[in-house]
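> Quick one: sequence and predicted model below, then my questions.
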Amino acid sequence: MAATYSPDGDPLAITANKDKLSLWNVATSQLIKTFDGPKTQRLINKALPYGERIRDDVGPHPENVRAVKYSPDGETIAAIRHNESVQLWNISTGKHLGKPIIPTTHYTTSIRYSPDGKTIATMQISNRGDTVRLWNSATGKHIKTLKGHDKCSNSFTFSPDSKTIFTAHKGGTVLRWDIPKR
């Protein structure tokens, strides 16, 4: 299951089923727009505030998207697909932007845009240690891999100026990373 709100606070939710990615108006539960997705992908619904559900099209064999995020300008959606890739969609056209980003073969748990929208960060976990990988959001090019926590990284965030990223470890350790100039 994966969902996110638009960065401008508009009550839009992202949901999808089987091979579609859908935008919903949360206040009215009305479908606004649907995007075509890969035929092998199954996206599921958005849980509304207070547990209300718009729809539930799980089906017998769900292949979930683990996370979705809007870009800060609200023009792009990034989704971590079940095969560990990250796909970008243009909100206006509904078209894929470039080829999927392939972070790793490890389990990709979360995704964030930097506040300036220039960088996408993905968190991967594995038995060899957890990493955060940075990507150029315009080109999909890998920028840097951040590795410092052995295991159990559970959170990361960008600084408001987009120059630094912080990773948090379950044991309480927080690491600071400078982001290379882009």
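That came in fine, so what should we check first?
> any low-confidence regions in the protein?
Along the chain, segments meeting pLDDT under 70 span 1-22, 26, 29, 35-66, 82-83, 103-105, 127, 149-154, 171-172, 182.
> Let's see that with 90 instead.
Residues of the chain meeting the criterion pLDDT under 90: 1-70, 74-111, 122-133, 138-142, 145-158, 164-177, 179-182.
> how about the strands of it, start to end?
12-17, 20-25, 30-36, 67-70, 76-80, 86-90, 107-113, 119-125, 131-136, 142-147, 153-158, 164-169, 174-178 (DSSP state E).
> packing partners for the fifth one?
Strand 76-80 makes packing contacts with strand 67-70, strand 86-90, strand 107-113 when contacts are defined by 3 or more Cβ pairs under 8 Å, 6 or more residues apart in numbering; DSSP states H and E. From N, CA and C alone the C-beta is placed, and that goes for glycine too.
> for these, which one ends up most surrounded?
Compared across the helices and strands packed on strand 76-80, strand 67-70 shows the largest average neighbour count, a mean of 22 (mean count of other Cβ atoms under 10 Å).
> Direction included, what does that strand pair against?
strand 76-80 (antiparallel) (DSSP bridges).
> Next, the angle from the partner strand to strand 30-36.
Angle, strand 76-80 to strand 30-36, by axes from the mean of the first three to the mean of the last three Cα atoms, to 10 degrees: 70 degrees.
> Name the surrounding residues that touch stretch 92-103.
33-36, 75-76, 81, 84-90, 120, 122, 124, 133, 135, 139-140 (Cβ atoms under 8 Å, 6 or more residues apart in numbering).
> how does it look with 6 Å?
Stretch 92-103 is contacted from outside by 35, 85-88, 90, 122, 124, 133, 135, 140, using Cβ atoms under 6 Å, 6 or more residues apart in numbering.
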